[in-house]
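Chemist: I'd like to go over a predicted model; first the sequence, then the structure.
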Amino acid sequence: MNPKNILEVRDLVVKFKLSEGIVHAVNGVSYDVPEGKSIGIVGESGCGKTVSSYALNRLLPPYATLSGQILFRQQDGNIIDIAKLKPEGREIRAIRGRDIAMIFQEPMTSLSPVHTICNQISEALILFQGMTKKQARNRTIELLKLVGIPQAERRVDEYPFQFSGGMRQRAMIAMALARNPRVLIADEPTTALDVTLQAQVLSLIQDLQNRFNLSMILITHALGVVAHMVETVNIMYLGRIVETGPTMEIFEEPLHPYTQGLLQSIPKLTGRLGERVSSIPGSVPSAYDIPKGCPFEARCKHRMEICREEMPKPVTVGSEHTVYCHLYTGREAARDAANA
Amino acid sequence: MARKKIPAPAADTAEALSTTEEKIFYASQWRLMWWKFRKHKVAVIAGFVIALMYLGAIFAPFIAPYGPTHRDRGNIYVPPQKIRFWDENGFSLRPFIHPLKVTTDWETFQKVYTEDTSRRIYIRFFVRGKSNDDQYKLFGLFKSNIHLFGVDEGYIHLFGTDDLGRDVFSRVMYGGQISMSIGLAGVFLSLILGLILGGISGYYGGVVDNIIQRLIEVIRSFPQIPLWMALSAAIPPDISPKLVYFGITIILSFIGWTALGRQIRSKVLALKNEDFIVAARLAGTSEPKIILTHLIPSFMSHVIASLTLSIPSMILAETSLSFLGIGLRAPVVSWGVMLQQAQNVHTISMAPWLLIPGVFVIIYVLAFNFLGDGLRDAADPYGN
Amino acid sequence: MLRYIVKRIVQMIPILFMISIISFIIIQLPPGSYLNTLIAQMRATGDEVDMEMIEALRIRYSLDKPMHIQYFNWMKGIITRGDFGFSFEWNRPVSHLIWERLGLSVAVSVSAMLFSWIIAFPIAIYSAVRKHTLGDYFFTFVGFLGLSTPNFMLALILMFISSKYFGFTVGGLFSPEYMMAPWSWARFVDMLTHIWIPMIVVGTAGTAGLIRVLRNNLLDELGKPYVVAARSKGISTVRLVFKYPVRLALIPFISTVGWQLPNMVSGEAVTATVLSLPTAGPLMLAALRSQDMYLAGSFLLLLALLTMIGTLISDLLLVLVDPRIRYE
């Protein structure tokens, strides 16, 4: 394991066994999370990005099977493979919340509607940090202030349904940060919010990440969201990473046809009136029987004979920019030759 | 919900769809329900059991060896007889029973029946009934006295006999006709009442809705069985059994429609502002046509499921009322009327087979509960 | 909260009024009156029927008056004096006959309900958490079986088993020496030793329904995002199930009290006849048969009132456990 990484995911495979068949949700995903840095995972809904992040905390339902490695460097320096832990065992439960915390998509339904905010945030503090009720309550108020909830002393005793959407998401963030975790997984933290609130919540997350030196995994379907937030981007499609690299490079020189399509589909403020926002034709194929070749083959405008037959090998261009596409096979060799 | 809008797959990706998905895209609502129902193995089995029971009821006079009032005078409280293929004299392909020997227990002064294992009475098939009591009209049309099985010598009592020497097996078959039809009739009446009143309530709203809702509330405030008791006590004792049957059916549905009425009302309320109804209205479709062709089909699957689940309570009610002596009464034979004989511990410990009609009630109700459960799941084909 | 309670009680009044009218109409439905029963009885025993006496009775009981007058008098008595009319058959005021009977009915029903809760609760949680296991299927089947067995059948079977295998007969709520005795501690204890059979019999049918409701609610709740969110905090499954989903699943569960209590009272009416319990059901049945109209009508009215109180209690409990309603 690379000493600068806190988390390394290697060949992660997640399958769901349903009565209709086996869903191949994640098909061999590898990425690194450097300590104190943030990475992004971007893809359309159903590409497996949420499933792959749930796997990190072993939150998948019992009918999911998991293989590959999830190496995590613990506080004491020991390395543990999360993928090998018992699904609801003591070890993984100790990691959850203390080491790896999560912020969820839907602040509305991710909080229990019949317990107060105070009850829900202080629960883990009382259970695991040995705080008294009073201490935990004070810490909760502190946390709520930290995430910018006004009148925290009063609102701490309210129920989630008395909070607005943005406030709920702030409370979720406070709950995730309660035990000073080292890794924060933010699963589409702003999808359910109004556009105006999105920017606020994102900048709050970024601010907190810097302040507490958190390692963060930001999961989103919007490339625009990750642009300013993360150092590295992984583009996922149909359970695979198709391109990975430093954020700026991906934006400036997208290589995979899918990444190019994603970038073109972001509406531009500078565009002419009446100009059509381009979209990627077709829809994501079924995850029941995944193609043996390139996952994007069916929708790709550059598709070739080989794309249907063979999964492309990684091609590294630049220092950390890697793409999985047959278009670039051989390019690496050519560039190496040019450099020589 | 019915008629969920499914986006048609874009032509250029159609081939990328797996075959399962393609099937789901193009299947009709009823087809989807059938697929979902089929997965519910227990419900499918329950469906078969119910079909079998109704078949048995239709052909009851043919299957029953004796008529419901036929009395085997010498043999009261005969325990169930076993059908055998085997005895000490060896195997026989044709099933047989042993004749009964009667002795009297001088301590309790009761008859004691023992099997005479030295003799065999062979069971014959398609035999002529023993007396005019066994004559019947199949479907009310074909007069006949041929029975599925019987014996030449004496009687055969598969489920034993009651205090008058009547064959419990035959009476269970005949009783099924009444017990199993009263549930259906009651549910049918409830459906009509529920559809009309619930539909009006939901579709028109306003004052009518208010009145109907209050009415439902008042009826539901009465505990069911006492209300049933009070209503059936109002059926005059001297009217014909047929009228009693109708009276009980009406009483059952008088309470039964309320739950259904509520359900239909809320469905109609939810549906009447759905896009496809509004579209139909804008297109100038007449109101009755909208109700018949759009509204009713959209919630029919749910209604069928809840109807299936309300049949059990109907038959349980009939059985309970008849058992208490205020429902159907002799000479009508129903499972509840038969159970009336088993009202005290003394009789039950002497002749436990008199509880057999109750076993049939349990099987029937159990099957309907399982079937209804499966139907309810299937009625929502797009749910997980 | 107080305003809510008052509002609910005020809403009950017109419905109660309707119920009293319907009760009265229903008991008037059978042709003839108690006097016909009396005449039939006298004929049966060979007594000479004295038409003059019958006529005198008719006037004394106001049976000669039009129906609405009779109803009005009955209501006036109930509201002003708590007088529920006169029982012809028992020759005593109805109010002397019904209260203990109704009290015992409530005792049996409430204990049956508690029994069904105690049984249903752990089974439903087990079934939901261990969904689609052998244990879940077993309990589901037993639950369905309980649901499908008529109460009186269960009573008969229990009676049969206890007399055949344990050699004692069950029935009644009191031992003979306490049957007519006034209330005392000993009599109460004696009742407790008898009440368990009707409790089981009446409770079983409801148990199956409760298991299904609670199991389905729990399954719904267990799949919700807040459960995953709570797991992501490191909370153990057992604690999680009890703190979050059970609490939420309890809400519809509590709302079932409203229909459960009347169901229990209802089921009790039949069971009581089989087990010969001194509760409301059998007396009401007898009164219905002999057209002892005020007795039967009062029972019908009070049982409906009981049902409404059950609904009210469940609504109030609902407000207590669900903050969303409380803050509306």
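Modeler: Great, that's in hand. Numbering: from 1, shown residues only, chains lettered A, B, ... in the order given.

Chemist: residues from chain C in reach of chain A?
Modeler: Residues of chain C lying close to chain A (Cβ under 8 Å from any Cβ of the partner chain) are C:224-226, C:228-237, C:239, C:243-244, C:247-248, C:251, C:321-324, C:327. All C-beta spots, glycine's among them, are computed from the backbone N, C-alpha and C.

Chemist: the same query, at a cut-off of 10 Å, please.
Modeler: Chain C comes close to chain A at residues C:131, C:221-240, C:243-245, C:247-248, C:250-251, C:321-324, C:326-327, as judged by Cβ under 10 Å from any Cβ of the partner chain.

Chemist: ok, and of those, which contact chain B?
Modeler: Filtering these for proximity to chain B by Cβ under 10 Å from any Cβ leaves residue C:223.

Chemist: narrow the residues of chain C next to chain A to those that are buried.
Modeler: Among these, the ones that count as buried by 16 or more other Cβ atoms under 10 Å in any protein chain shown are C:221-222, C:224, C:226-235, C:240, C:243-245, C:247-248, C:250-251, C:321-323.

Chemist: flag the shaky bits of the chain, pLDDT-wise.
Modeler: You didn't say which chain, so I picked chain A. Chain A contains residues with pLDDT under 70 at A:267-278, A:283-287, A:330-340.

Chemist: that's the other chain; I wanted chain C
Modeler: Along chain C, the model assigns pLDDT under 70 to residues C:167-171, C:252, C:258-259, C:326-328.

Chemist: where do the strands sit along the stretch 51-200 of chain B?
Modeler: Secondary structure of the stretch 51-200 of chain B (DSSP state E, counting those that start in this stretch): strands at B:84-87, B:90-97, B:100-105, B:110-115, B:121-128, B:136-138, B:142-144, B:146-151.

Chemist: so which of the ones you listed gets nearest chain C?
Modeler: Nearest to chain C among the strands of the stretch 51-200 of chain B is strand B:110-115; the distance by Cβ to the nearest Cβ comes to 15.7 Å.

Chemist: are we agreed that residue B:349 is in a strand?
Modeler: No: under DSSP: H, G, I helix; E, B strand; the rest coil, residue B:349 falls outside any strand and is assigned helix.

Chemist: separation between the closest residue to residue C:244 other than its chain neighbours and residue A:119?
Modeler: Nearest non-adjacent residue to residue C:244, counting by Cβ to Cβ, 6 or more residues apart in numbering or on different chains: residue A:112, 5.2 Å away. According to Cβ to Cβ, to the nearest Å, residue A:112 stands 8 Å off from residue A:119.

Chemist: list the residues that contact both of the two?
Modeler: Overlap of the contact sets of residue A:112 and residue A:119 (by Cβ atoms under 10 Å, 6 or more residues apart in numbering or on different chains) consists of A:159, C:243.

Chemist: more neighbours, those two?
Modeler: Set residue A:112 next to residue A:119 and count neighbours by other Cβ atoms under 10 Å in any protein chain shown: residue A:112 wins out with 24 against 19.

Chemist: got the phi/psi numbers for that one?
Modeler: Main-chain dihedrals, residue A:112, degrees, to the nearest 10: phi -70, psi 130.

Chemist: try residue A:20
Modeler: Backbone torsions of residue A:20, given as degrees, to the nearest 10, read phi -80, psi -20.

Chemist: residues near it, how many?
Modeler: Based on other Cβ under 10 Å, the number of other residues close to residue A:20 is 12.

Chemist: equivalent analysis for residue B:358, please.
Modeler: Neighbourhood size, residue B:358 [other Cβ under 10 Å]: 23.

Chemist: with the one 10 residues further on instead?
Modeler: If you count neighbours by other Cβ under 10 Å, residue B:368 ends up with 26.

Chemist: these two touch, right, it and residue B:312?
Modeler: Yes: between residue B:368 and residue B:312 there is a contact at 4.9 Å, judged by Cβ atoms under 10 Å.

Chemist: what's the overlap in contacts for these two?
Modeler: Residues touching both residue B:368 and residue B:312 by Cβ under 10 Å, 6+ apart: B:183, C:148.

Chemist: and residue A:70, what element?
Modeler: Residue A:70 is located in strand A:64-73, with elements delineated by DSSP states H and E.

Chemist: parallel or antiparallel, which strands does that strand pair with?
Modeler: The pairing partners recorded for strand A:64-73 under DSSP bridges are strand A:5-18 (antiparallel), strand A:79-81 (antiparallel).

Chemist: deepest of these, which one?
Modeler: Ranked by mean neighbour count under mean count of other Cβ atoms under 10 Å in any protein chain shown, those are led by strand A:5-18, which reaches a mean of 19.

Chemist: could I get that strand in PDB with only the CA atoms?
Modeler: Provided in PDB are the C-alpha atoms of strand A:5-18 (Å, rounded to 0.1, in the frame of the first residue of the first chain):
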ATOM      1  CA  ASN A   5      -2.900   6.700   0.700                       C
ATOM      2  CA  ILE A   6      -5.400   6.200   3.400                       C
ATOM      3  CA  LEU A   7      -7.600   3.900   1.300                       C
ATOM      4  CA  GLU A   8      -6.900   1.700  -1.700                       C
ATOM      5  CA  VAL A   9      -9.600  -0.100  -3.600                       C
ATOM      6  CA  ARG A  10      -8.500  -3.000  -5.800                       C
ATOM      7  CA  ASP A  11     -10.600  -5.000  -8.200                       C
ATOM      8  CA  LEU A  12     -13.800  -4.300  -6.300                       C
ATOM      9  CA  VAL A  13     -16.700  -6.500  -7.600                       C
ATOM     10  CA  VAL A  14     -20.200  -6.300  -6.300                       C
ATOM     11  CA  LYS A  15     -23.000  -8.500  -7.500                       C
ATOM     12  CA  PHE A  16     -26.700  -8.600  -6.400                       C
ATOM     13  CA  LYS A  17     -28.500 -11.900  -6.500                       C
ATOM     14  CA  LEU A  18     -32.100 -11.200  -7.300                       C
END
